[in-house]
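> Dropping the sequence and predicted coords here.
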Amino acid sequence: MELSIVLRSGILRIGAAALLLTPVFGFGVASAHETLGLEAPKPEVAMTPPMGWNSWNKFGCNIDEAKIRGVADAMASSGMKDAGYQYIVIDDCWQKDRAADGTIQADPERFPSGIKALADYVHSKGLKFGLYSDIGAKTCGGRPGSRGYEFQDARTWASWGVDYVKVDWCYTGSSEANSSYTIMAKALRASGRDIVFSICEWGDNKPEEWAAPLGHLWRTTGDIRDSWDKDEGYSHSFLWILDHNANLWANSGPNHWNDPDMLEVGNGGMTDVEYRSHFSLWAMLAAPLIAGNDLSNMDKATVDILTNKDVIAIDQDKLGQQARRVAQNGDAEVWVRPLAGGDRAVVLFNRSAEAKTISVDWDDLQWAPGLKASVKDLWSKSVKKGVKGGYGAEVAPHGVVMVRISPTI
C-alpha cells in the first residue's frame with residue numbers, strides 16, 4: 001500500500017483513500033474530516049446576487065479601521081443601504097501574521113480595535129461584514145493565506161461575526177482548484193455560522209463548471225479595470241469582461257452566481273454614461289453588485305447610478321436568470337432577461353462612438369407580434385403603453401437604453 005503524508009496542505013492519502021486534516025501551530029493533526037465531500041448543505045444566503053462594497057478597487061492595500069467605519073457610515077446614510085446594499089467587505093492586507101496557536105491576526109497598526117470590534121460596528125449599522133483570504137499559502141498581497149488552516153480560519157471568522165468571505169487564488173502552486181475550494185467550503189459549513197462564500201479563482205479553471213455546489217458566487221475572469229475597452233496584463237476592461245460572460249448564462253441562478261468582478265462606478269476611469277452602461281449590464285448579468293468606490297466621497301451622479309432601484313430590481317429579480325445577448329449588429333446589441341411574473345428586461349446597447357437607433361422585436365422576447373405591452377425606461381422613468389410588435393430608441397454613444405417591458409394583453 002502506498003503511504004503519502006502531506007500535512008501542510010491538509011491531505012493525508014493512504015492508497016486510494018483520503019483524509020482531510022487540520023494542522024495545529026502550522027503542523028501536526030488537530031482533527032480528521034473523513035472525505036473531501038460536502039455532507040452539509042450550502043446555506044441559502046444568496047438567493048439573489050449579493051449587494052455590498054469591497055475595499056480593493058479604490059483603496060488596494062491602503063486600508064485601516066477608520067476607512068472601513070467611514071464606508072459603513074456612508075452606506076447607511078447615502079441611500080445605498082435603503083437600495084439593498086448590505087455587505088462591507090475588507091479585501092487583502094488586513095492580515096499581519098499568525099499567533100503561536102495558528103490563529104490569524106489582524107494588522108495591529110491598521111486595525112487596533114481588532115476585527116471583531118469592527119464587525120460589531122458594521123452590524124450596528126444594520127449591515128453585514130466580510131473579509132478576504134486566499135486558498136494558497138499567501139494572499140496576493142503576500143499576507144498569510146489559508147492553505148492548511150482552512151478549518152481554523154473559518155472558525156475564527158465565525159467567532160468574529162463574519163458574514164461573507166472572498167477567497168483568492170494566489171500562491172497555490174499546482175493545486176487543483178475544485179478540491180482546494182472544496183476544503184474551504186467544507187470548513188465554512190463546519191464553522192457554526194452561515195457565511196457567503198465568494199470564490200475568486202479568476203476563471204482559469206472554468207469555475208462555472210464545478211463551483212456551484214461549493215460557493216455562492218465565483219469569479220469568471222481576472223480583475224476588472226476601470227476602463228471602457230483598454231486591457232492591461234491580467235486586468236480587463238468592462239467590454240472584455242462583458243463579452244466573456246455573455247455565454248455563461250446557463251451556469252448562474254439563485255444561490256450560485258457568475259461574478260464578473262466588482263463595480264467601478266465612481267472611480268473616474270469612465271464617463272457617467274459608460275458607468276450607467278456598466279451598472280445596467282451587470283444587473284442584466286445577475287451579477288453581484290459590489291461597489292468599489294469611496295462611498296464616503298460620492299458625487300450625485302454616482303449615487304444616482306448606484307441607487308437606481310428600478311435597475312437594482314432587475315439584478316435582484318427572484319427568477320434569477322442571467323440575460324442573453326439575442327442580437328448583435330456591429331456595435332449595436334440587444335440583451336434580454338426574463339423576469340419573474342412574465343416581464344422582460346431589455347438593454348439596447350451601443351458600443352460605438354456615434355449615436356445609434358436600436359430596436360428589439362417581440363420575437364426576441366418570445367412573444368406574439370400582436371401582444372400589447374407597457375415599456376418603462378429605467379433611467380429616464382418614461383413609460384409608453386399599448387406598444388405592439390417591438391420597441392426602439394436612439395442610444396447615446398457608449399450608452400444604453402434599459403427598459404422593463406410588461407405585457408398588458
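Ah, there it is. Residues are numbered from 1 along each chain as shown.
> For E209, list the residues it contacts.
Remark: with contacts taken as CB atoms under 8 Å, 6 or more residues apart in numbering, E209 is in contact with N251. No exception for glycine: its C-beta is placed from N, CA and C like everyone else's.
> what are the ranges of the helices in the chain?
Using DSSP state H, the helices of the chain run over 56-59, 65-77, 80-83, 115-124, 150-160, 177-189, 238-245, 272-284, 300-306, 309-315.
> Could you save these as CSV and add columns showing mean pLDDT?
Putting those into CSV (pLDDT from 0 to 100) gives the following:
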stretch, mean pLDDT
helix 56-59, 98
helix 65-77, 98
helix 80-83, 98
helix 115-124, 98
helix 150-160, 98
helix 177-189, 96
helix 238-245, 98
helix 272-284, 99
helix 300-306, 98
helix 309-315, 99
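> Mind checking those helices for the one nearest to M262?
helix 56-59 (5.5 Å; CB to CB).
> Give me the contacts around that closest one.
Under the criterion CB under 8 Å, 6+ apart, residues 67, 91-92, 132, 224, 226, 262-264, 267, 292-294 lie in contact with helix 56-59.
> if we can go back for a sec, looking at the helices of the chain, which is nearest to P213?
Going by CB to CB, the one of these nearest P213 is helix 177-189, 7.9 Å.
> What's opposite G390 in the beta bridge?
D361 (DSSP bridges).
> That one and W362 touch, don't they?
Yes - with contacts counted by CB atoms under 8 Å, G390 reaches W362, the gap being 5.7 Å.
> Comparing those two, which shows the higher neighbour count?
Neighbours of G390 and W362, each counted by other CB atoms under 10 Å, are more numerous for W362; the result is 20 against 16.
> which residues sit in contact with the more buried one?
With CB under 8 Å, 6+ apart, W362 has these contacts: A368, P369, L371, A373, K388, G389, G390.
> So which of those wins on neighbours?
A373 leads the contacts of W362 on contacts (other CB under 10 Å) with 24 neighbours.
> Now mean neighbour count too, for the helices of the chain, in a markdown table please.
Listed next are these as a markdown table, based on neighbours: other CB atoms under 10 Å:
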| stretch | mean neighbour count |
| --- | --- |
| helix 56-59 | 22 |
| helix 65-77 | 19 |
| helix 80-83 | 18 |
| helix 115-124 | 18 |
| helix 150-160 | 22 |
| helix 177-189 | 23 |
| helix 238-245 | 21 |
| helix 272-284 | 24 |
| helix 300-306 | 17 |
| helix 309-315 | 19 |
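> Need those helices in CSV (columns: distance to L348).
Converted to CSV, the helices of the chain look like this (distance: least, CB to CB, whole Å):
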stretch, distance to L348
helix 56-59, 28
helix 65-77, 31
helix 80-83, 24
helix 115-124, 39
helix 150-160, 43
helix 177-189, 37
helix 238-245, 15
helix 272-284, 10
helix 300-306, 18
helix 309-315, 14
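> So which of the ones you listed is nearest E201?
Once the helices of the chain are compared by CB to CB, helix 177-189 is nearest, at 5.4 Å.
> what domains does the record give for the chain?
Under automatic domain parsing, the residue ranges defining each domain of the chain are 3-33, 51-315, 325-407.
> Now tabulate those domains in CSV and tack on distance to K42.
Converted to CSV, the domains of the chain look like this (distance: least, CB to CB, whole Å):
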stretch, distance to K42
domain 3-33, 17
domain 51-315, 7
domain 325-407, 22
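> Mean neighbour count, those: which tops it?
Most buried of those, by mean neighbour count (mean count of other CB atoms under 10 Å): domain 51-315, with a mean of 20.
> Determine how far the last residue of that domain lies from the first.
The straight-line separation of the ends of domain 51-315 (CA to CA, to the nearest Å) is 10 Å.
> Equivalent analysis for stretch 351-362, please.
23 Å.
> and if you look at stretch 328-339?
22 Å.
> cool, and stretch 291-310?
17 Å.
> Looking at the domains of the chain, spot the one closest to E44.
If we rank the domains of the chain by CB to CB, the stretch that ends up nearest is domain 51-315, at 5.6 Å.
> Run through the residues that contact D107.
Counting by CB under 8 Å, 6+ apart, D107 has contacts C93, W94, Q95, K96.
> same thing but at 6 Å, please
Neighbouring residues of D107 by CB atoms under 6 Å, 6 or more residues apart in numbering: K96.
> Return the distance of it relative to Y87.
21 Å (CB to CB, to the nearest Å).
> cool, and K385?
Where Y87 is concerned, K385 sits at a distance of 38 Å (CB to CB).
> coming back round to it: any chance of CSV for the contacts of helix 56-59, columns distance to L319?
Output for the contacts of helix 56-59, formatted as CSV (distance: CB to CB, whole Å):
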residue, distance to L319
K67, 37
D91, 31
D92, 34
Y132, 31
I224, 26
D226, 31
M262, 24
L263, 22
E264, 27
N267, 31
G292, 27
N293, 29
D294, 33
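> This completes my enquiry, with thanks.
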